[in-house]
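Asker: Have a look at this prediction, sequence included:
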Amino acid sequence: MPHTTQMHDTRPKTPTPRGPRHPRLLVTGGAGFIGSCFVRNRLARRDGTTIVVLDKLTYAGNRANLAPVEADPEQAARLRFVVGDIADPAAVAPLVAEVDAIVNFAAESHVDRSILDPEAFLRTDVMGVHVLLEACRVEQQRATGGERAAAPRFLQVSTDEVYGSVESGASTEDDRLEPRSPYSAAKAAGELLVNSYSVTYGLDTVVTRGSNTYGPYHHPEKLIPLFITNAIDDERLPLYGDGLQRRDWLYVADHAGAIDHVLEHGATGETYNVTGNNERTNRDVVAQLLARLGKPWSLVRLVDDRPGHDRRYAMDDSKLAGLGWKNKMPFDEGLAATVDWYRDNEGWWRPIKSGEWQAYYRRQYSARLAGSKEAT
Ligand code: NAD
Ligand code: DAU
């Protein structure tokens, strides 16, 4: 075999552009709100990344969220879409075998639905995570046996809701987990499992805990898109309780970008808070979106509260800042862009607000709206 050694190479060196550390990704839940943003933005960088999306296409998953990728032949060639369940080992194992990292967005994500029907949350947000981790463990053994170069990295997308309601101050990553809804309890269980696989089996894992995310392609069951789309149709806006609950709002491209940053730079076994640094009451957010739409406050109705409603979420983001991450989108600009996107994209959300949606909406809101009060 020819072997050459150049002891003193004096030719000018062209810097090699550094590619991504994990160029082959499995993105689970990549047809959902934040996962699809991650896929669109990562492929748009044209850095050679290839992505397999594994998505069950539940009521929340939507192939149309990836339409911008599919309309671009160069990006489309680097995307493979697989319809399947993260809780199905037969679907998961071959996909995990061919990637450098897994980013797990797949989840049942709506608190109100977790109160109506908790079981699906346990299946996906706990058992699904377990199945993904087991597949990573097999790949780690293959790496140890020399069958692949390295074990895959596993990034679990979690939520600030695992800290529970935070009356004052800001949660840091070492704070106690005190989830209070079936959704947040399932998410907490999922990330505890992830950490246990890092400690026990030495898997390369990272966890992100994101705050309330908003932006285009957000399913209309959630506060901001529900209220924008209802207001466009001059329908009533069901504000829970006194509407003075506080959330920290994070633009979707910033959330997806922070996840990508942690995937590339996060230390193994660590957890990172991802915040928007935009704490607002629900009333303030609603007033602002109505003003952008030019619709009256009289559309807002005070309705019976969500059971166990967390009053406030707030996180400290200094650990992620220390990793070099900074958000780009100011809230006022992000909210205005979001309102305009829904105004311009009725073809995306009107089909979602039909079919199964009607039954869900009646179950969740009919009695509430019947007993609603004017919001002064
Ligand atoms: P989403 O509901 O919009 O999307 C979830 C996606 O997962 C959908 O495409 C759905 O089809 C898919 N999915 C559900 N069950 C599946 C299964 N068993 N197998 C494969 N795919 C499945 O959710 P989102 O708002 O984009 O949230 C993504 C992740 O981020 C979730 O893990 C959520 O807990 C977390 N998170 C969300 C927010 C937020 O404000 N939206 C904030 C912090 C963290
Ligand atoms: O904080 C992160 C979490 O943010 C994510 O983990 C969840 O996946 C995501 O759904 C979101 O949870 P919230 O429960 O905070 O989001 P939601 O949009 O459902 O509600 C936001 C606030 O608005 C909350 O205080 C409840 C209130 N609300 C919501 C709806 C749907 C209303 O007042 N009326 C409504 O109809």
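Answerer: On my side now, so go ahead. Ligands and ions are numbered 1, 2, ... in the order given.

Asker: Send me the lengthiest helix in the chain as PDB with only the CA atoms.
Answerer: Looking across the chain with DSSP state H, the single longest helix is helix 182-201. Included here for helix 182-201 are C-alpha records, laid out as PDB according to Å, rounded to 0.1, in the frame of the first residue of the first chain:
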ATOM      1  CA  PRO A 182     -49.800  14.700  33.300                       C
ATOM      2  CA  TYR A 183     -47.900  16.300  30.400                       C
ATOM      3  CA  SER A 184     -45.100  17.700  32.500                       C
ATOM      4  CA  ALA A 185     -44.900  14.600  34.600                       C
ATOM      5  CA  ALA A 186     -44.500  12.500  31.500                       C
ATOM      6  CA  LYS A 187     -41.800  14.900  30.200                       C
ATOM      7  CA  ALA A 188     -40.000  14.800  33.500                       C
ATOM      8  CA  ALA A 189     -40.000  11.000  33.400                       C
ATOM      9  CA  GLY A 190     -38.700  11.100  29.900                       C
ATOM     10  CA  GLU A 191     -35.700  13.300  30.800                       C
ATOM     11  CA  LEU A 192     -34.900  11.400  34.000                       C
ATOM     12  CA  LEU A 193     -34.700   8.200  31.900                       C
ATOM     13  CA  VAL A 194     -32.300  10.000  29.500                       C
ATOM     14  CA  ASN A 195     -30.100  10.900  32.400                       C
ATOM     15  CA  SER A 196     -30.200   7.400  33.800                       C
ATOM     16  CA  TYR A 197     -28.900   6.000  30.500                       C
ATOM     17  CA  SER A 198     -26.100   8.500  30.600                       C
ATOM     18  CA  VAL A 199     -25.100   7.600  34.100                       C
ATOM     19  CA  THR A 200     -25.700   3.900  33.900                       C
ATOM     20  CA  TYR A 201     -24.600   3.000  30.400                       C
END
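
Asker: Show me the strands in the protein, by range?
Answerer: Using DSSP state E, the strands of the chain run over residues 24-28, 50-55, 79-83, 101-104, 153-159, 204-210, 212-214, 237-240, 246-251, 271-274, 279-281, 300-303, 373-374.

Asker: The ones you listed into a markdown table, with extra columns for distance to Pro351?
Answerer: Glycine gets a C-beta too; all of them are placed from N, C-alpha and C. Below are these laid out as a markdown table (distance: least, C-beta to C-beta, whole Å):
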| stretch | distance to Pro351 |
| --- | --- |
| strand 24-28 | 24 |
| strand 50-55 | 18 |
| strand 79-83 | 18 |
| strand 101-104 | 27 |
| strand 153-159 | 26 |
| strand 204-210 | 27 |
| strand 212-214 | 21 |
| strand 237-240 | 21 |
| strand 246-251 | 25 |
| strand 271-274 | 31 |
| strand 279-281 | 30 |
| strand 300-303 | 26 |
| strand 373-374 | 32 |
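
Asker: Can you lay out those as CSV showing mean neighbour count?
Answerer: Below are those laid out as CSV (neighbours: other C-beta atoms under 10 Å):
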stretch, mean neighbour count
strand 24-28, 25
strand 50-55, 23
strand 79-83, 16
strand 101-104, 26
strand 153-159, 26
strand 204-210, 24
strand 212-214, 24
strand 237-240, 21
strand 246-251, 23
strand 271-274, 26
strand 279-281, 17
strand 300-303, 21
strand 373-374, 9
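
Asker: Export those to TSV and append columns for mean pLDDT.
Answerer: Shown next, in TSV, are the strands of the chain (pLDDT from 0 to 100):
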stretch	mean pLDDT
strand 24-28	98
strand 50-55	98
strand 79-83	98
strand 101-104	98
strand 153-159	99
strand 204-210	98
strand 212-214	98
strand 237-240	98
strand 246-251	98
strand 271-274	98
strand 279-281	98
strand 300-303	98
strand 373-374	96
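
Asker: and Ala314, what does it touch?
Answerer: If you count contacts by C-beta atoms under 8 Å, 6 or more residues apart in numbering, Ala314 has them with 160, 166, 169-171, 246, 248, 275, 279.

Asker: Show me the subset of those residues that also lies near ligand 2.
Answerer: Asp160 (C-beta under 6 Å from any ligand atom).

Asker: which parts of this structure sit against ligand 2?
Answerer: 109-112, 159-161, 211-212, 222-223, 226, 238-240, 245, 247, 282, 306, 313.

Asker: Please list which of those are also close to ligand 1.
Answerer: 109, 159, 212.

Asker: Determine the set of other helices and strands touching the longest helix of the chain.
Answerer: Taking 3 or more C-beta pairs under 8 Å, 6 or more residues apart in numbering; DSSP states H and E as contact, the helices and strands that helix 182-201 lies on are helix 111-116, helix 119-122, helix 129-144, strand 153-159, strand 204-210.

Asker: Neighbouring strands - and their directions - for the fourth one?
Answerer: What it means is strand 153-159. strand 101-104 (parallel), strand 204-210 (parallel) (DSSP bridges).

Asker: Flag the shaky bits of this protein, pLDDT-wise.
Answerer: Within the chain, the stretches with pLDDT under 70 are 1-18.

Asker: need the residues of it near ligand 1, please.
Answerer: So far as C-beta under 6 Å from any ligand atom goes, the chain lies against ligand 1 at 28-29, 31-35, 54-58, 60-61, 85-87, 105-109, 124, 128, 157, 159, 187, 210, 212-213, 219.
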